[in-house]
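Asker: Turn this into a model:
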Amino acid sequence: MKWAVNRLRPGEAGRPWLVWLHGLLGSGDDWAPVLPYFDGWPMAAPDLPGHGASCSMSPEGFAEVTQGLAQTLASLDIERYILIGYSLGGRIALYHACRDRPAGLRGVFVEGAHPGLASPEARADRLRHDRAWAQRFAQQPLGQVLDDWYRQPVFADLSDAQRRELVALRRHNQGTAIAAMLDATSLARQPDLLPSLQTLSLPFGYLCGERDAKFSTLARQGGLPCSLVPGAGHNAHRAEPAAFAEKLLSLLAPLY
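Answerer: The predicted structure follows:
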């Protein structure tokens, strides 16, 4: 199940590829404001299943999603790579690193990505939560659902104008495709990866906006190495692309 890749850029020989994984409702184009800061790096920004040019793909779970990632990279002859993922894309990157353990992976860096829920009660609550949203995405007018989606506490830093902008940007999605991907990759279906992350031998970094209280707290409680992006909330790379790039470049510096 190879994914569509709309942004593909060669770079200097010898450097590993930067593979950018977007969040729910997004596409590979979401990374466009950040990519110019990474001159010299070969880069690929695919569309996840259910999104963009990959919207017809409907995986059954994390194992199938990361298999699709591996097939996509192989089709592009990408053998050495670093994963960079936001939110859902970050959770996919973490699963790929901790469970698949591919030989070609040289590092993993995530932004606002949950490492996983430990308790059965929390997983059951999250599954009910995500199934309710998936049902809404599949059955209700997309604009209405998106407006409510971006009123969730994790997006509390958004102004009314910013929320309207995101709703307009995301209206191109297909509600049924988003619903299928949301259900297949619910946080409730993700293993608790924190123990694996705490002993991960690969270079690893965790980024989040300084105003993203939820995810900065998760990182601190889990003992994860967290880099705070000044002036940003949950979607730091969108809100402050230059500051996000500066933080990420400092983490990448030892890898080339």
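Asker: Show me the shaky parts of the stretch 51-200 of the chain.
Answerer: Applying pLDDT under 70 to the stretch 51-200 of the chain flags no residue at all.
Asker: Spell out, range by range, the helices that occur in it.
Answerer: 62-75, 88-95, 120-139, 142-149, 160-170, 175-184, 194-198 (DSSP state H, counting those that start in this stretch).
Asker: Make a markdown table out of those and add distance to Tyr81 and mean neighbour count.
Answerer: Where you see a C-beta, it was placed from the backbone N, CA and C, and this is true even at glycine. Listed next are the helices of the stretch 51-200 of the chain as a markdown table, based on distance: least, Cβ to Cβ, whole Å; neighbours: other Cβ atoms under 10 Å:
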| stretch | distance to Tyr81 | mean neighbour count |
| --- | --- | --- |
| helix 62-75 | 6 | 18 |
| helix 88-95 | 11 | 27 |
| helix 120-139 | 29 | 15 |
| helix 142-149 | 31 | 16 |
| helix 160-170 | 27 | 15 |
| helix 175-184 | 22 | 21 |
| helix 194-198 | 19 | 17 |
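Asker: which one of those helices lies closest to Leu252?
Answerer: The closest of the helices of the stretch 51-200 of the chain to Leu252 is helix 88-95. By Cβ to Cβ, the value is 14.5 Å.
Asker: Show me which positions of the helix or strand harbouring Ala242 end up buried.
Answerer: Ala242 belongs to helix 241-252 when assigned by DSSP states H and E. For helix 241-252, a neighbour-count test (16 or more other Cβ atoms under 10 Å) marks Pro241, Ala243, Phe244, Ala245, Lys247, Leu248, Leu251, Leu252 as buried.
Asker: ditto for stretch 97-108
Answerer: With the criterion 16+ other Cβ under 10 Å, stretch 97-108 contains buried residues Ala97, Cys98, Leu105, Arg106, Gly107, Val108.
Asker: does Trp17 have beta-bridge partners, and which?
Answerer: Going by DSSP bridges, Trp17 is paired in beta bridges with Tyr81.
Asker: any idea how far it is from Ala45?
Answerer: 11 Å (Cβ to Cβ, to the nearest Å).
Asker: now Gln221
Answerer: In terms of Cβ to Cβ, Gln221 sits 31 Å off from Ala45.
Asker: neighbour-wise, which of those two wins?
Answerer: Ala45 (25 against 9; other Cβ atoms under 10 Å).
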